[in-house]
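Trainee: Just the structure for this:
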Amino acid sequence: MVTIRDVAAAAGVSTATVTRALTKPETVATPTADRVRQAVQDLGYRPNLVARSLRRRTAQVVGLVMQDIETPHFMSVCRGAEDALREHSYSATFCNTDDKLDRERAYLEVLVDQSVAGIIMTPASATESDLGWLHDRGLPVVTLEMELSGAVDSVYSDNQAGACAAVRHLLEAGAARPACVTGGRDVPSAQDRLAGYQQALRRAGLPLEPDLWAFTDYREEQGEAAVRALFALPQPPDALFLANSRLLVGALRALRALGRQVPDDVTLASFDETPLMELLTPPVTTVRQRAYEIGQRAAQLLLERIGGYAGPARHITLMPELIIRSSSIRPDPTDPTDLTKLTDYSQ
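Mentor: All right, here's what the predicted structure looks like:
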């Protein structure tokens, strides 16, 4: 890590001069200030503003770095975290990464420069997101959606169990060839939801057919393109499991364009509950995460770290709930069975 001493040596000045050049440049001769700024740029030096803020006792702020704040799920997560933080006189600042590593790094650097007390985040990648430098600075971090190595606390839903429950329901409701549209290959929640889909097929004794699942970005247009491709197969699916609500929107657009009716021609279920799911025609079967509680629990873990807890990493898993509606049940006037009272899918 580049230090202020490195900058001073490169510029040929004292560390005190570097500090004055960066904080009160009007007190330093212009040529000297220029040398300091050039050394800072060449070395990539970043002042340790976290330590400075602790000495000065500045405002208590926590950074919330989310995958996609536009989705109802992350809106609820952020609200839960913010409410818990406000109870302890902390405020929150919000950042949206779109699962991009470069954007994630840029936001983390900004938050460090703004002297936040800690960070709650959904890492863009379980293997490539670099949080070690935050740990080196003593900045506490709580992750969502996944566990990371080291003393990093985490809170997340059991994505695999939730997906498995939804697909088991689709199969029990009559589907024979369900397909899965999930997120990016490097996104842990996407991998876990695909694994749940595959687990349900194995339990039913069905083969795993790679043509019947698609990795995409968690975006409407990607969901639409994936569903169009699935229904162009020689043997298209008769049911869909969508790994988030935005993929569901894209899927519904594709099905409408293809003239496929839900649930008559194709049944479907989606991860993530939103207020609109029960108002759609037909109402959509969903896996409801405890999003607000996820935010609350993450804030509580972070506040404990800020307060001095230095123990081992803690990992909290919350079980989602399957909400069965008519999108997953193909009408059969000869069968009066109420499919909302079938298997306990939590097992």
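
Trainee: ok, Pro72 - contacts?
Mentor: For Pro72, the contacting residues are 245, 272-275, 291, by Cβ atoms under 8 Å, 6 or more residues apart in numbering. Glycine gets a C-beta too; all of them are placed from N, C-alpha and C.

Trainee: swap in Arg203?
Mentor: Neighbour list for Arg203: 164, 168 [criterion: Cβ under 8 Å, 6+ apart].

Trainee: measure it to Asp192 for me?
Mentor: 16 Å (Cβ to Cβ, to the nearest Å).

Trainee: now swap in His315 and tell me
Mentor: Counting by Cβ to Cβ, the separation of His315 from Asp192 is 14 Å.

Trainee: Please identify which of these two sits among more neighbours.
Mentor: The neighbour comparison of His315 against Asp192 (other Cβ atoms under 10 Å) goes to Asp192, with 24 against 15.

Trainee: what comes up buried for the helix or strand containing the more buried one?
Mentor: Element membership for Asp192 (DSSP states H and E) is helix 188-203. For helix 188-203, burial by neighbour count (16 or more other Cβ atoms under 10 Å) applies to 188-201.

Trainee: Need the max-distance pair from those residues.
Mentor: Spatial extent of those (Cβ to Cβ) is set by the pair Pro188 and Leu201 at 20.5 Å.

Trainee: Run the chain-centre distance for the helix holding Asp192.
Mentor: The chain centroid and the centroid of helix 188-203 are separated by 17 Å under Cα atoms, centre = their mean, to the nearest Å.

Trainee: swap in stretch 180-198?
Mentor: Taking the mean of its C-alpha atoms, stretch 180-198 sits 13 Å from the chain's own mean (Cα atoms, centre = their mean).

Trainee: For it, output the C-alpha coordinates as CSV.
Mentor: Output of stretch 180-198 as CSV, limited to C-alpha atoms (Å, rounded to 0.1, in the frame of the first residue of the first chain):
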residue,chain,number,x,y,z
CYS,A,180,-34.7,-22.0,-16.0
VAL,A,181,-33.6,-18.5,-16.8
THR,A,182,-31.1,-17.3,-14.3
GLY,A,183,-28.5,-14.5,-13.8
GLY,A,184,-24.8,-14.3,-14.8
ARG,A,185,-22.5,-17.3,-14.5
ASP,A,186,-20.3,-15.5,-11.9
VAL,A,187,-23.2,-14.4,-9.7
PRO,A,188,-23.6,-16.7,-6.7
SER,A,189,-27.4,-16.2,-6.3
ALA,A,190,-27.8,-17.1,-10.0
GLN,A,191,-25.7,-20.2,-9.6
ASP,A,192,-27.6,-21.2,-6.4
ARG,A,193,-31.0,-20.8,-8.1
LEU,A,194,-29.9,-22.9,-11.0
ALA,A,195,-28.7,-25.5,-8.6
GLY,A,196,-32.1,-25.5,-6.9
TYR,A,197,-33.8,-26.0,-10.3
GLN,A,198,-31.5,-28.9,-11.0
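
Trainee: so what's Gly118 closest to, chain neighbours aside?
Mentor: Distances taken as Cβ to Cβ, 6 or more residues apart in numbering place Pro140 nearest to Gly118, at 4.2 Å, with adjacent residues excluded.

Trainee: so where is the stretch 151-300 of the chain shaky, pLDDT-wise?
Mentor: 151 (pLDDT under 70).

Trainee: mind listing the strands for it?
Mentor: Ranges of strands in the stretch 151-300 of the chain, per DSSP state E, counting those that start in this stretch, are 153-157, 178-182, 213-215, 239-242, 267-271, 285-288.

Trainee: So for Gly223, which of these sits nearest?
Mentor: strand 178-182 (5.7 Å).

Trainee: quick one: the closest one to strand 267-271, angle?
Mentor: Using axes from the mean of the first three to the mean of the last three Cα atoms, to 10 degrees, one finds that strand 178-182 and strand 267-271 are set 30 degrees apart in direction.

Trainee: neighbouring contacts of strand 178-182?
Mentor: Residues outside strand 178-182 that contact it (Cβ under 8 Å, 6+ apart): 163, 167, 170-171, 190-191, 193-194, 197, 201, 212-216, 223, 226-227, 230, 237-243, 247, 251.

Trainee: With stretch 221-229 instead?
Mentor: Residues outside stretch 221-229 that contact it (Cβ under 8 Å, 6+ apart): 181, 214, 216, 240, 242, 246-251, 253-255, 257-258.
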